[in-house]
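Trainee: No letters, just coordinates:
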């Protein structure tokens, strides 16, 4: 009888792989929970899309469970970013959360991990675009007022810091620096508010001038079918001659129903008013945020600091505020928050430093 052949046992995964797979599993579970939390705050198609994303994360979870087998171990927590995302989703559910989720999907390591399938890597790429689309409407609603708010806050921080540093370097008294800073705050806030109102109001008026007349559709039943002037409308809106003729013919065939149809049946355009915001909203945001930014360089002088301690304190406070606003812009735009924050502080300190040097020169020339 032949001796039994000893076949070597198939080696199991090494401990490093097991740790990584367990973390992937925890992250997938945490991300699925985030999408379910967001879906609970929404209705309609947005809710369905978010639940579908959670279901896809569940498929990824099943992949890691299959690889781990009996080495799943105790449930682990997702990474810090995902846990923060979950907290925000539970308590806010805002566009900030979607922007963070977009960045999380874009950082997926599956494309370079040999144990993740190509389908999983492709899913993560597509998920990033899905979340980007969901966040787009919220970004559009914010963009007008948010632009004014960010611009106002940064302008207040930088311009008033530059003003305070410049006047301090000229060697004037502490009372003069304080009065100058408060005057710069009030004048700048009023100027910013008025400028934003005029700017946004003018932009909305331009958009309104380009929007279709809501009563135009009432002329359709009386148009000459053979001449079909409606095609000219579509050509003016950017269609080719062939596309315009085809679309106009279709509308004319159903023109008896058009009077009850929306204006877009005559000349469809994208409503950009939502992205622009309102003049009053932009003005109030700009005034408020400029004032909130401009008060920061003045605070050390309000509390009695003078000379170098006041300048250093003002500069540090403004630097922290610039880092914060830069990080917020980075989060909302889906970009790297640290890079945006460092860019903000570099620009702000550069402008303030140049003004301080001019103040030194000005003070020297007077003395």
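Mentor: Done, it's in. Everything numeric here is computed off the predicted structure, so don't read it as measured data.
Trainee: Could you pull out the buried residues of the helix or strand containing residue 351?
Mentor: Element membership of residue 351, judged by DSSP states H and E, is helix 337-366. Within helix 337-366, the residues scored as buried using 16 or more other CB atoms under 10 Å are 337, 340-342, 344-345, 348-349, 352, 355-356, 359-360, 363. C-betas here are computed from N, CA, C, even on glycine.
Trainee: In a markdown table, list those residues along with distance to residue 98 and pLDDT.
Mentor: Putting the buried residues of helix 337-366 into a markdown table (distance: CB to CB, whole Å; pLDDT from 0 to 100) gives the following:
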| residue | distance to residue 98 | pLDDT |
| --- | --- | --- |
| 337 | 15 | 77 |
| 340 | 18 | 83 |
| 341 | 20 | 85 |
| 342 | 24 | 89 |
| 344 | 23 | 85 |
| 345 | 26 | 88 |
| 348 | 28 | 85 |
| 349 | 32 | 88 |
| 352 | 35 | 83 |
| 355 | 39 | 82 |
| 356 | 41 | 81 |
| 359 | 45 | 77 |
| 360 | 47 | 77 |
| 363 | 50 | 61 |
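Trainee: which one of the residues you listed is nearest residue 329?
Mentor: Closest approach to residue 329 among the buried residues of helix 337-366 (CB to CB): residue 340, at 5.2 Å.
Trainee: ok, the closest one touching residue 322?
Mentor: No. Using CB atoms under 8 Å, residue 340 is not in contact with residue 322, being 10.3 Å away.
Trainee: for the protein, which helix is longest?
Mentor: Ordering each helix of the chain by length in residues (DSSP state H) puts helix 118-169 first.
Trainee: following it, which helix or strand comes up?
Mentor: Per DSSP H and E, the helix or strand that comes after helix 118-169 is helix 174-210.
Trainee: JSON lines for the buried residues of helix 337-366, including distance to residue 134?
Mentor: Converted to JSON lines, the buried residues of helix 337-366 look like this (distance: CB to CB, whole Å):
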{"residue": "337", "distance to residue 134": "20"}
{"residue": "340", "distance to residue 134": "22"}
{"residue": "341", "distance to residue 134": "25"}
{"residue": "342", "distance to residue 134": "29"}
{"residue": "344", "distance to residue 134": "27"}
{"residue": "345", "distance to residue 134": "31"}
{"residue": "348", "distance to residue 134": "33"}
{"residue": "349", "distance to residue 134": "36"}
{"residue": "352", "distance to residue 134": "39"}
{"residue": "355", "distance to residue 134": "43"}
{"residue": "356", "distance to residue 134": "45"}
{"residue": "359", "distance to residue 134": "49"}
{"residue": "360", "distance to residue 134": "52"}
{"residue": "363", "distance to residue 134": "55"}
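Trainee: Which pair in those has the greatest spatial separation?
Mentor: Taking CB to CB, no two of the buried residues of helix 337-366 sit farther apart than 337 and 363, at 38.4 Å.
Trainee: between the longest helix of the chain and helix 337-366, how many degrees?
Mentor: Angle, helix 118-169 to helix 337-366, by axes from the mean of the first three to the mean of the last three CA atoms, to 10 degrees: 10 degrees.
Trainee: pLDDT averaged over helix 118-169, what's the number?
Mentor: Mean per-residue pLDDT for helix 118-169: 78.
Trainee: Any idea how many residues pack against residue 72?
Mentor: 15 (other CB atoms under 10 Å).
Trainee: ok, the residue nearest to it when sequence neighbours are not counted - how many residues close by?
Mentor: Leaving aside its chain neighbours, residue 72 sits nearest to residue 65 (6.5 Å; criterion: CB to CB, 6 or more residues apart in numbering). Using other CB under 10 Å, the number of residues around residue 65 comes to 13.
Trainee: quick one: which helix or strand includes residue 65?
Mentor: Going by DSSP H and E, residue 65 is part of helix 44-68.
Trainee: Just checking, which helix or strand of this structure averages the lowest pLDDT?
Mentor: helix 273-276 (a mean of 48; mean pLDDT, DSSP states H and E).
Trainee: ok, then the element right after that one?
Mentor: Note on helix 273-276: by DSSP H and E, the next helix or strand toward the C-terminus is helix 279-294.
Trainee: what angle separates that following helix from helix 118-169?
Mentor: 60 degrees.
Trainee: roughly how far apart are residue 305 and residue 316?
Mentor: As judged by CB to CB, to the nearest Å, residue 305 and residue 316 stand 12 Å apart.
Trainee: Could you do residue 181 as well?
Mentor: Counting by CB to CB - residue 181 and residue 316 are separated by 16 Å.
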